[in-house]
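In: Here is a sequence together with a model predicted from it:
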Amino acid sequence: MDTATSGVRQTAGDIAKTRYMWVITVQWPTGGGFGNATFSNTVDIPAGASRMDIYMQIFELAKRETRATSLNVLYFALEPDRLSV
């Protein structure tokens, strides 16, 4: 397993991969209010991967990190990490 992220699953093999940068902001109910957190990192994604699969992996990572039973996603971004100059 090739990991460039904290807990986002990777596919091993010879498939060409592109590094993406992701950001997710989540909110969950606590006591009488809400907790919120933002997480970000990079992930190497093989060609042909599903955006939904990557989103769900990142969502599950946020769920584990917050230990929340339910989360609302306030913001999500997944874009190529390489900048054009």
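Out: Nice, thanks for sending it over. Residues are numbered from 1 along each chain as shown.
In: Nearest to the spatial middle of this structure, which residue is it?
Out: residue 58 (2.8 Å; Cα atoms, centre = their mean).
In: So for the strand or helix carrying that one, what gets flagged as buried?
Out: Under the assignment given by DSSP states H and E, the secondary-structure element containing residue 58 is helix 51-66. When burial is assessed from 16 or more other Cβ atoms under 10 Å, helix 51-66 yields the following buried residues: 54, 57-58, 61-62, 66. In this view, the C-beta of every residue, glycine as well, is placed from N, C-alpha and C.
In: Out of those, which is nearest to residue 30?
Out: Minimum separation from residue 30 among the buried residues of helix 51-66 (Cβ to Cβ) is found for residue 66, which lies at 9.7 Å.
In: What confidence value was assigned to that closest one?
Out: Here, the pLDDT recorded for residue 66 equals 97.
In: Run through this structure and note the low-pLDDT ranges.
Out: Judged by pLDDT under 70, the chain has its weakly predicted residues at 1-14.
In: got the residue ranges for the strands in it?
Out: Remark: strands assigned in the chain by DSSP state E are 17-30, 33-46, 72-80.
In: Walk me through which strands the shortest one pairs with, and which way each runs.
Out: Read it as strand 72-80. Strand partners for strand 72-80, identified by DSSP bridges, are recorded as strand 17-30 (antiparallel).
In: got the contact list for the partner strand?
Out: Applying Cβ atoms under 8 Å, 6 or more residues apart in numbering, the external contacts of strand 17-30 come out as 2, 4, 34-47, 54, 58-59, 62, 66, 68-82.
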